[in-house]
Structures are given as C-alpha cells and as structure tokens.
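[1] Give me a 3D structure for the following:
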Amino acid sequence: MPHSENSPRTVLVTGGNRGIGYAIAEEFVALGHRVAVTARSGEGPAGSLTVRADVTDASSIDAAFSEIEQKLGPVEVVVANAGITRDTLLMRMSEDDFDSVVNTNLGGSFRVVKRASKGMLKARFGRIVLISSVVGLYGGPGQVNYASSKAGLVGMARSITRELGARGITANVIAPGFIETDMTAELPEATQAEYKKGIPAGRFATPAEVAKVVAWIAGDDAGYISGAVIPVDGGLGMGH
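    Predicted coordinates for the structure are as follows:
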C-alpha cells in the first residue's frame, strides 16, 4: 500500500465501471483506501469491490450499502458519479427524456447520499462528493435535462453542508469539463478541434486529472472546505 497522508477510508464510487468513475475508483485504490463501486453492468478497477445497483431504486441502493458495510465497513467517502445523458433540443425533448435524466443524475445522487449519511452521522465523519459538469452552470445546447440535473447538485451540496456541516461531514461538487473518454473519442476530429479552441488550456483533461481532485477533496486535508464547486475544466467555465 503506497504511503498516503490520509487515513485509509471506505469509499464508494457510483458508476465506477467506466470513464471518470473508473478513474476515481482507481485513484482511491492506489492511495490505499477500501474501495467499492456500484455498476449496473461491468466491473470496477482491480482491487475494488463491484456491487450491482441501480441508483433510481432506493431498495437496490440499500442492498448495495449493506453488502459494502458487511465486507469493507461503513462508507466514509461517497462519490456520486453515476449519470446518463439524453441530449436533444428543447422542442424535441420528451417528458421522459427530461424525467429519466433528472431521476438518475439528481435523484440518484439524493438516494445514494441519503443512505450514506446514516453511517456518516454515526461516525461524525463523512466526505460527500457530487460529480457535476461544467455544463451545469455554463449551459449547453441540447442539454436542458442534463444541465438542470447537474446544476441541481450544487443546491444539494450546499443544503447538505448547512445541515450536516457541524458533524464532521463535508459536501462538495466537482465540475469536470471535456474529458478524454470513449464518448469524446467518438467525436469527429473537426468537432474536437472546435471544442479545444474554446478551452483556455487547449486540450481535454485526462480522467486521472479529475480523479486526483476528487481524492484530494475527499481527504483529511480538505476538512474545512464544504459547499464548494471545484471546476476541473481547463478554464472553460471560469467559475460558471
């Protein structure tokens, strides 16, 4: 186990089977933490425990937590990362396109955090990290549903901070910009170049760059930061 300044914690990353979630789980494993991931399919990285869960179903989340508590101990750090997109222009967006995205991204985070808070209150320690997006506050055409769900996480983290801040529990939001994942790799070269022109850093982030910020905000050194929105977007959002 590599030396880390942080005490080993029991960490849960939802949607940890691919993309940013996988990278976040990998980083916590590398730092010597006990790591579980939830996934509807697929597996988390080597060294993590994968449990099946659907974030739209409270009883499936409860079962997943019970399994993690039994095998790894009470969850001390929860990273709500599971999310979906159903991008389409407002005029074409169905009620289901809107409801399903909000129910998974915002409702899913609520269900996971609510279940995690039980153990955190008992322990008088907790790190709640909500994975949002630069789009949450910056906006994106065709993303009324997604941006609404991601902006909602800011109000959630700030309300949790006001409720639980005196109990050793922090709640923060990480807002990644464009990341090198399977999704961005599929974009045409010209589209990628166009996006990069709008990013002051001139490039997309690696998933590891997001993961390291998540690990830091969840660590012992960040205990006095709560209700913050931390962009990892190469300057794209400038605080929006």
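[2] Do you have the helices of the chain handy? List them.
    For the chain, the helices defined by DSSP state H cover 19-30, 58-72, 95-102, 108-123, 134-138, 144-164, 182-185, 189-197, 207-217.
[3] Any idea how far the third one is from the middle of the chain?
    Just to be clear, that refers to helix 95-102. Centroid displacement of helix 95-102 relative to its chain, using Cα atoms, centre = their mean, to the nearest Å, is 19 Å.
[4] how much space between the spatially closest residue to residue 39 that is not a sequence neighbour and residue 76?
    Leaving out its chain neighbours, the residue that sits closest to residue 39 by Cβ to Cβ, 6 or more residues apart in numbering is residue 17, at 3.7 Å. Heads up, the C-betas are built off the backbone N, CA and C, glycines and all. Distance of residue 17 to residue 76, given as Cβ to Cβ, to the nearest Å: 21 Å.
[5] coming back round to it: what's the least confident stretch among the helices of the chain?
    Lowest mean pLDDT of the helices of the chain: helix 182-185, a mean of 79.
[6] Out of the helices of the chain, which is the most enclosed?
    Looking across those with neighbours counted as mean count of other Cβ atoms under 10 Å, the highest average goes to helix 19-30: a mean of 25.
[7] Could I have the CA atoms of that helix written out in CSV?
    Below are the C-alpha coordinates for helix 19-30, written out as CSV (Å, rounded to 0.1, in the frame of the first residue of the first chain):
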residue,chain,number,x,y,z
GLY,A,19,-15.0,6.7,-17.7
ILE,A,20,-14.4,9.2,-14.9
GLY,A,21,-15.9,6.9,-12.2
TYR,A,22,-13.5,4.1,-13.1
ALA,A,23,-10.5,6.5,-12.9
ILE,A,24,-11.8,7.9,-9.5
ALA,A,25,-12.0,4.3,-8.1
GLU,A,26,-8.6,3.5,-9.4
GLU,A,27,-7.1,6.6,-7.7
PHE,A,28,-8.6,5.7,-4.3
VAL,A,29,-7.3,2.1,-4.7
ALA,A,30,-3.8,3.4,-5.5
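[8] other SSEs contacting it?
    Applying 3 or more Cβ pairs under 8 Å, 6 or more residues apart in numbering; DSSP states H and E, one finds that helix 19-30 contacts strand 10-14, strand 34-39, strand 77-80, strand 126-131, helix 207-217.
[9] Make TSV out of those and add distance to residue 103.
    Shown next, in TSV, are the helices and strands packed on helix 19-30 (distance: least, Cβ to Cβ, whole Å):
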stretch	distance to residue 103
strand 10-14	14
strand 34-39	16
strand 77-80	14
strand 126-131	16
helix 207-217	24
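[10] Was I right to think residue 205 contacts residue 174?
    No - in terms of Cβ atoms under 8 Å, residue 205 does not count as a neighbour of residue 174; the distance is 11.4 Å.
[11] Please enumerate the shared neighbours of these two.
    Common neighbours of residue 205 and residue 174 (criterion: Cβ atoms under 8 Å, 6 or more residues apart in numbering): residue 232.
[12] More neighbours: which of those two?
    Between residue 205 and residue 174, counted using other Cβ atoms under 10 Å, residue 174 has the larger neighbour count: 25 against 22.
[13] Could you report the pLDDT at the more buried one?
    98.
[14] Quick check: it touching residue 217?
    Yes - counting by Cβ under 8 Å, residue 174 touches residue 217, with 6.9 Å between them.
[15] shared neighbours of those two, anything?
    Listed as contacting both residue 174 and residue 217 by Cβ under 8 Å, 6+ apart are 129, 230.
[16] In terms of secondary structure, what does the longest strand along the chain contact?
    Longest strand in the chain, counting residues (DSSP state E): strand 169-176. Applying 3+ Cβ pairs under 8 Å, 6+ apart, one finds that strand 169-176 makes contact with helix 108-123, strand 126-131, helix 134-138, helix 144-164, helix 207-217, strand 229-232.
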